[in-house]
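> The amino acid sequence is not available; the structure is as follows:
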């Protein structure tokens, strides 16, 4: 049975898996058995997986349960009895798991690669646990060559993996032409347009509708904290940077969260739970949003920040004492973010592009002096959704390619 | 002092308020005093407001603190000492609050309308508390005439107010032409494009990449639960509906939350806290996201749902017992949503358009039979951010117009 991996798309007569993923068979099923109506799968590497009957029944990939056109579920899965039980189980000649269910004897067939990849036993969840590394002043920003990224999916994959892990990367050799930032961003997905346009020019201008378009120093911030979900990625392509000043600075909000949690747990609790308010100040739109300065996921790991001190709206939803604690906590966090141990700073040269997670890697700019030379960046945004989808699609292609060369 | 309201934009010599809002003076300041370095404002309608010194100093609208071009904050507000105190206060001849601060004697001047609108005392927060009404089977869906909405901002405002409150509205007399759904949606803001395009056609087709494009029954669901923030609004314009079947059904997830909280608090706790997983099944993209089936805001009020039973991805992040409880809670919620007491159902006629909150008003479709006639809807999405901004801009315009007619 330990032959070459089997892939779902090689079997066209019926659905093999309930999604479009590619699931190499990394272990074979040695034995399957029933316990209290649930399934236990014993793998040939000594591990075991328990599958709740209801969980497994919902995922039945057969063409009654899932459309073979859209692969979306066809049955209303809430019609499945909550107390469903597996009545019988065995392996077929390909090593797949066959199960007969208590609901009208429905029969299901499960791909061992899919089962292994999706099992949720303690050991499996522990293997999958993934925490992104955080960074401070000793961080070497990962650098990539733009030409390779445009031409080659392997280079693209390396870049996006780094961007996903660290939230800050630097590209070099981006041609000094308009539209190049969009060209690179579109290697990932669709650009997210905002009231600043699809692609925006960061230049000092008289009719500025954002401090970014003045020449003043910009403190550490993210863009568009005024949106329910601010853009996940930001790209800034440096076309000219001859003016004195105008250095770029970054700090990792996830790193700050880690430090806060250890050094000031009370502050950590406030900035991760209180909703802070933001609002834009435009003539033609009025966006507002609120959220914690640092948001945690269900594991308690930071997943986004919402930090910007020049688009602050006043608290109007909290009592006096909580306002005081919240403002003091914000000051504490901002001071930490501004410490030398957090700081990554450099001056972008023409042809450089920074790509960063707008909700993680806060950015700042030192003041620049327009009378000493031109400074001109072109920028755009993208959603995290598109980075995730692109990375998964590249992984899917790599898995297929890897199998083809075996 | 009780003369006509003063508006910030009437005074151009210096900033009056730290934002672009219009703040009618609904009460005058009778007296201002200092308590422990904070400000107490006594209004001429017997009410009092306490402003924390740090809160008020951050919002100083002067042109050192805020740019008179962008209105964004110019100083780094975290440079303000955390223990800042008001040293002196008085009213000027226009009834504005003047404050001198302990940080280098900085002086600030505050507009009474802005102060009143943004104060956060217990009485003020109670007045502002806003809970959206929820609905069940006896709900009469608010109806509007599309022509009026296109031509008239007052009609637009009425429609959007209903859409914001109830999350479900119906428009009539939409011309039977392609592009009309976009035309109406763009009265609000920019359409949100997805992998299904900017405008999508809901028709039965052979190469369907969503169950929506088959003729099968669609159970209650929202679109794109696979995105970090699924679209806030969905618009569906009925151009043809001659096939048998194909009725539209809706249920209010906020109403379900309210019922669950009373009738099944254990289920309520699970569906509002456990992350459920979703994933799309496309050939060319792989979007995944997770979140509670019903999400609560910091007040405990429902603010969004993430419900879809045909794009379910398996739980892979929870232990066995929690998976069991989570799946059972989902079944409980889905059964509640499908009860007659929740159901609003009708068949759309050509020229109808439904506009609904995709993250609140779940939608379903009964099976239809393409061999009995054509069914063709055109649809698009928009973000909640844009609905909020548009409503605030319409309110701003109404406030200005109201003042002009006094």
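Perfect, thanks for sending it. The structure displayed is predicted, hence computed values, not measured ones. Numbers count the residues shown, from 1 in each chain, chains lettered A, B, ... in the order given.

> Next, work out how far apart residue A:395 and residue A:156 are.
12 Å (Cβ to Cβ, to the nearest Å). C-beta coordinates here come from the backbone N, C-alpha and C atoms, glycine included.

> err, residue A:147, not the other one
Counting by Cβ to Cβ - residue A:147 and residue A:156 are separated by 12 Å.

> same question, residue A:19
From residue A:19 to residue A:156 the distance is 23 Å (Cβ to Cβ).

> before we move on, the earlier item: between residue A:395 and residue A:156, which has more neighbouring residues?
Legend: neighbour count by other Cβ atoms under 10 Å in any protein chain shown for residue A:395 and residue A:156, higher for residue A:156 (20 against 15).

> So for the more buried one, what pLDDT did the model give?
On the pLDDT scale, residue A:156 is placed at 98.

> quick one, phi psi at the residue of the stretch 101-250 of chain A at minimum distance from chain B?
Nearest residue of the stretch 101-250 of chain A to chain B, counting by Cβ to the nearest Cβ: residue A:229, 3.9 Å away. With angles defined as degrees, to the nearest 10, residue A:229 sits at phi -120, psi 100.

> per-residue confidence for it?
At residue A:229, pLDDT is 95.

> That one: how many residues sit nearby?
20.

> Name the nearest residue to it, ignoring sequence neighbours.
residue B:229 (3.9 Å; Cβ to Cβ, 6 or more residues apart in numbering or on different chains).

> got a list of what the one you found touches?
Residue B:229 sits next to A:228, A:229, B:383 when contact means Cβ atoms under 8 Å, 6 or more residues apart in numbering or on different chains.

> My understanding was that the last one contacts residue B:233; is that so?
This points to residue B:383. Yes - using Cβ atoms under 8 Å, residue B:383 is in contact with residue B:233, at 7.4 Å.

> Pull the contacting residues for residue A:219.
A:309, A:310, A:334, A:338, A:364, B:76, B:78.

> Count residues in the vicinity of the nearest residue to the third one once chain neighbours are set aside, would you?
What it means is residue A:334. Closest residue in space to residue A:334, ignoring its immediate chain neighbours: residue B:78 at 3.9 Å, by Cβ to Cβ, 6+ apart. When neighbours are counted by other Cβ under 10 Å, residue B:78 registers 19.

> surely residue A:38 meets residue A:54?
No - here residue A:38 lies out of contact with residue A:54, judged by Cβ under 8 Å, at a distance of 9.0 Å.

> what ranges do the strands span in the stretch 51-200 of chain A?
A:86-91, A:97-101, A:107-110, A:143-145, A:168-172, A:200-202 (DSSP state E, counting those that start in this stretch).

> Is there proximity between the second one and chain B?
So that's strand A:97-101. No - remark: strand A:97-101 sits outside contact range of chain B, by Cβ under 8 Å from any Cβ of the partner chain, the gap being at least 14.5 Å.

> how big is the angle separating that strand from strand A:86-91?
160 degrees (axes from the mean of the first three to the mean of the last three Cα atoms, to 10 degrees).

> partners of strand A:97-101, with directions?
Taking DSSP bridges as the criterion, strand A:97-101 forms sheet pairs with strand A:86-91 (antiparallel), strand A:107-110 (antiparallel).

> buried residues in it?
A:97, A:99, A:101 (16 or more other Cβ atoms under 10 Å in any protein chain shown).

> swap in the last one?
Along strand A:200-202, the positions that meet the burial threshold by neighbour count (16+ other Cβ under 10 Å) are A:200, A:202.
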